[in-house]
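> got a predicted structure plus its sequence, pasted below:
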Amino acid sequence: QPEADILHTDCQRMMPHDSEGGITMYEQQQIPANYEAEQAVVGALIIGGNVDELTTEVNLTPNDFYFSDCKLVYKCILYLNDKNDKIDIVTVDSTLKTAKEYKGIEFLKGAISNNPTKHNLIYYGKIVKEYAKRRWYIDMSNKILTMAGNTTLPIEKISDKVEYMLATESDSINVNTADDLIMQTYDTIAKASENKGSIPGQATGFDNIDLKMGGIDGLAVLGARPGMGKTAFALNVAEHIVYNELKPVVFFSLEMGAQQLMLRLVSSMTRIKYSALRYGELEDDDWTKLASFMNQSEKTKKLLICDEPKMTVRKIRSVCRRLKKQYGSLGAVIVDYLQLIEMPNNKNCTKTQAVGDVSRELKILTKELGCPIIALSQLNRANEQRSDKRPTLADLRDSGAIEQDADSVMFIHNEDAYRKDKSQPPTGKVEILLPKSRFSQTGTMFLKFQPEYMKFSNWNVKKDPFNRSKNSAAVWDKPDENDKENAKTGEAEKEEK
């Protein structure tokens, strides 16, 4: 067998026959396959190659293998990887011993003896994938030949079928018809009907937000100017998911160290002032509160903090996949903050384009993980120059595609921070602006913020004006009567000026 290309003519299963049972001229078309590359893939994986990296970057599936012995071993490796079991020659051999098609440990030794290196795994995988695509094109050509030769088929139907096959391109791309999905959709609606009092998305623990938005779904972007409490808000959401719903949350803190984050969590959970924790100025009852918090270690284990400063989307994806495999599912992923994710070094790519690429990758990741991703984002200084300091979508720094990719965008606006008269105590009332949401109406929600405890909490939860269930996602927050009066006063002052 030649090292580069092994071309097989003994592949009549892919070749069309004529109406009399004879073989068409396409029987002579040789089928491309590369045994050495397929063997190198399984060999490199057995000696420690990264399975997740291969499946992610190359999207290599068992059906991409042409040779049954290599395909069987690759299936086994994927099975062991899914179980988080060790992958080596002993475990693979032990798992496959009862399989009829298995050629024995000698095949595994042969795959390793060809000296594949795990560093070249992606290269080997791409070769296998390329040959699989070539076979797919030959298979499609044969199907087109058969259809074209069938004179009973209308030419329009043939054209439509060919166009559909080429558009979907390969079995590795999942394309569903609406007919395939209708029963799944019905089940989703029926389930929602049975649970009318529940939040359809991931609850945040803040009633005003959960009632309006129906919880958080997909990619949620949270923006605010420095000092408004972005990290505190995200940590409070994580706190609810971990301690109240007992779901794991992955928190990528690219700006703040893990210890700083934990001090904020302890302050929020125990209502011990953050400054007292930081400087060690605790009262006797504070120690009691701290001890009570420490007893919740089983729940605390589900808050997973990564404070590595140089994180790429690929690294974030890898960590999340590993943790999802470990825990079965994730409640949420939080990234603090989006602009600090490492971008590829591409001179032809602007910062805005690079941030857009990151937001798109996070959007894809949220679908894969099956949980929301809350991405914190910086704002530019444009709102500081306006009389109305409330942020808008245009204020997202390096916004580009962020607002396009996000399923929802929230802004934190604290009017106390802009008050010139500091003699009066702060109101603690914070506006959570929702200028974009794919799953609910837009509008404004209100929370209370206590910066001394790094704590957000509910503020005057509104009743549903439509008299729907308690947790209906259709709630539309209306300003308090005091807010209306303040607005009128402000407008009058502007007219006088």
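Good, I have the coordinates.

> any stretches of the stretch 301-450 of the chain with poor pLDDT?
Applying pLDDT under 70 to the stretch 301-450 of the chain picks out residues 344-349, 397-400.

> could you rerun that using 80?
Within the stretch 301-450 of the chain, the set of residues satisfying pLDDT under 80 comprises 314, 337, 343-356, 380-389, 396-403, 416-426.

> so residue 293: helix, strand or coil?
Going by DSSP: H, G, I helix; E, B strand; the rest coil, the secondary structure assigned to residue 293 is helix.

> read off the pLDDT value for it.
We have a pLDDT of 83 for residue 293.

> contacts only, for it.
For residue 293, the contacting residues are 266, 269, 270, by CB atoms under 8 Å, 6 or more residues apart in numbering. C-beta coordinates here come from the backbone N, C-alpha and C atoms, glycine included.

> OK, contacts around the second one?
With contact taken as CB under 8 Å, 6+ apart, residue 269 is in contact with 239, 243, 293.

> let me see the ranges of the helices in the stretch 101-250 of the chain.
Using DSSP state H, counting those that start in this stretch, the helices of the stretch 101-250 of the chain run over residues 105-113, 121-149, 155-168, 178-194, 207-213, 230-243.

> likewise for the stretch 251-400 of the chain?
Using DSSP H, counting those that start in this stretch, helices in the stretch 251-400 of the chain cover 258-270, 274-279, 284-294, 297-300, 313-327, 351-369.

> using CSV, lay out those helices together with distance to residue 407.
Listed next are the helices of the stretch 251-400 of the chain as CSV, based on distance: least, CB to CB, whole Å:
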stretch, distance to residue 407
helix 258-270, 25
helix 274-279, 32
helix 284-294, 33
helix 297-300, 28
helix 313-327, 17
helix 351-369, 8
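
> burial count for residue 318?
Neighbourhood size, residue 318 [other CB atoms under 10 Å]: 15.

> what's the distance between it and residue 52?
Here the criterion is CB to CB, to the nearest Å. By it, residue 318 lies 6 Å from residue 52.

> tell me the phi and psi of the nearest residue to residue 276 once chain neighbours are set aside?
Once flanking residues are discounted, residue 276 sits nearest to residue 282: 5.7 Å by CB to CB, 6 or more residues apart in numbering. With angles defined as degrees, to the nearest 10, residue 282 sits at phi -100, psi 140.

> which residues touch residue 282?
272, 276, 290.

> apply 10 Å and report the result again.
Taking CB atoms under 10 Å, 6 or more residues apart in numbering as the criterion, residue 282 is in contact with 272, 273, 276, 288, 289, 290.

> same check, this time on residue 390
Applying CB under 10 Å, 6+ apart, we find residue 390 in contact with 383, 411, 413, 415, 418, 431, 433, 435, 444.

> so the closest residue to residue 65 other than its chain neighbours versus residue 104, what's the distance?
The spatial neighbour of residue 65 that comes closest, neighbours along the chain excluded (CB to CB, 6+ apart), is residue 71 at 3.7 Å. Distance, residue 71 to residue 104, using CB to CB: 16 Å.

> so these two - more neighbours on which side?
Using other CB under 10 Å as the criterion, residue 71 and residue 104 rank with residue 71 on top: 18 against 11.

> tell me the buried residues in whichever strand or helix holds the more buried one?
Element membership for residue 71, per DSSP states H and E: helix 68-82. Residues of helix 68-82 classed as buried: 69, 70, 71, 72, 73, 74, 75, 76, 77, 78, 80, 81 (neighbour count, 16 or more other CB atoms under 10 Å).

> likewise stretch 268-278?
Neighbour-count burial for stretch 268-278, counted by 16+ other CB under 10 Å, picks out 268, 269, 270, 272, 273, 274, 277.

> cool, stretch 389-396 as well?
For stretch 389-396, a neighbour-count test (16+ other CB under 10 Å) marks 391, 392, 393, 395, 396 as buried.

> now do the end-to-end distance for that stretch.
Using CA to CA, to the nearest Å, one end of stretch 389-396 lies 14 Å from the other.

> returning to that earlier point: ok, the residue nearest to residue 276 to residue 291 distance?
11 Å.

> state the helix or strand in which residue 445 lies.
Secondary structure (DSSP H and E) places residue 445 in strand 443-450.

> export that strand to CSV, keeping only CA atoms.
Coordinates of each C-alpha in strand 443-450 appear next as CSV, following Å, rounded to 0.1, in the frame of the first residue of the first chain:
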residue,chain,number,x,y,z
GLY,A,443,-37.9,48.3,29.6
THR,A,444,-36.5,49.2,33.0
MET,A,445,-36.3,47.1,36.2
PHE,A,446,-35.3,48.3,39.6
LEU,A,447,-33.0,46.8,42.3
LYS,A,448,-31.6,47.9,45.6
PHE,A,449,-27.8,48.1,45.8
GLN,A,450,-25.8,48.1,49.1
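
> does anything pack onto the helix or strand just after that strand? Which helices or strands?
Of the helices and strands lying after strand 443-450 in sequence (DSSP H and E), the nearest is strand 455-458. Secondary-structure packing of strand 455-458 (3 or more CB pairs under 10 Å, 6 or more residues apart in numbering; DSSP states H and E): helix 207-213, helix 230-243, helix 258-270, strand 443-450.

> go with 7 Å
On a contact count with 3 or more CB pairs under 7 Å, 6 or more residues apart in numbering; DSSP states H and E, strand 455-458 meets helix 230-243, strand 443-450.

> returning to what we had before: could you check the pLDDT of the residue nearest to residue 276?
For residue 282, the model assigns a pLDDT of 84.
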